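[1] Show me the folded form of this:
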Amino acid sequence: MAQVYYEDVNVGDEIPKLVKNCSTQQLVMWAAGSGDFYQIHYDKDFALGNGLPGLIVHGALKHAFLGQMLHDWLGDGGRIKKYGCQYRGMDFPNQDITCRGVITAKSEGGIVELDIWTENPNGDKTSPGKATVILPSRG
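    Sure, this is the predicted structure:
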């Protein structure tokens, strides 16, 4: 993984996107790992019975995907200071979930602020959020 340095990024830059596609098996594994066993994530009949169009991806799993995108971009010398997102839309298994991020500010100490989000295949932002990371300096 190439190292990203503070001096090499600018406000408005988009960081490399991460595309994920969850299988229903991954949703069951996430439920076991996270303790979120709400049936709308793995029981199709239950999800349909509750007015949903089908199984939906856990919001916390999408949050984890955003963290993976940031981690992959930062390299070994960078670190995530904080990040978070809101769950505003549903994503479905076997459908691409694209994680994106754009740099919105830079400040002393290598601090970089970003808008981050997941989007569905229609381009709708389903989990918008913010992140603060610290990048190493070349100096």
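
[2] Quote the end-to-end distance of stretch 85-99.
    Start-to-end span of stretch 85-99 (Cα to Cα, to the nearest Å) is 12 Å.

[3] And for stretch 37-51?
    18 Å.

[4] Stretch 79-98 now?
    End to end - Cα to Cα - stretch 79-98 spans 22 Å.

[5] That stretch: which residues count as buried?
    Neighbour-count burial for stretch 79-98, counted by 16 or more other Cβ atoms under 10 Å, picks out 83, 85, 87, 89, 90, 91, 92, 93, 97, 98. Every C-beta, even on glycine, is put in place using the N, C-alpha and C of the backbone.

[6] and if you look at stretch 42-61?
    42, 47, 55, 56, 57, 58, 59, 61.

[7] Name the residues that touch it?
    22, 24, 26-28, 30-31, 34, 36, 39-41, 87, 90-93, 97, 127 (Cβ atoms under 8 Å, 6 or more residues apart in numbering).

[8] Go through those residues and flag which are in helices.
    24, 26, 27, 28, 30, 31, 34 (DSSP state H).

[9] pretty sure the fifth one contacts residue 38?
    Just to be clear, that refers to residue 30. No: applying Cβ atoms under 8 Å as the test, residue 30 and residue 38 come out as separate, 11.4 Å apart.

[10] what about those two, which has more around it?
    residue 30 (19 against 13; other Cβ atoms under 10 Å).

[11] ok, back up a step: redo the buried residues of stretch 42-61 as JSON lines? Include secondary structure, pLDDT and distance to residue 78.
    Listed next are the buried residues of stretch 42-61 as JSON lines, based on DSSP: H, G, I helix; E, B strand; the rest coil; pLDDT from 0 to 100; distance: Cβ to Cβ, whole Å:
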{"residue": "42", "secondary structure": "coil", "pLDDT": "93", "distance to residue 78": "35"}
{"residue": "47", "secondary structure": "helix", "pLDDT": "97", "distance to residue 78": "38"}
{"residue": "55", "secondary structure": "coil", "pLDDT": "97", "distance to residue 78": "35"}
{"residue": "56", "secondary structure": "coil", "pLDDT": "97", "distance to residue 78": "32"}
{"residue": "57", "secondary structure": "coil", "pLDDT": "97", "distance to residue 78": "27"}
{"residue": "58", "secondary structure": "coil", "pLDDT": "97", "distance to residue 78": "27"}
{"residue": "59", "secondary structure": "helix", "pLDDT": "96", "distance to residue 78": "25"}
{"residue": "61", "secondary structure": "helix", "pLDDT": "97", "distance to residue 78": "23"}
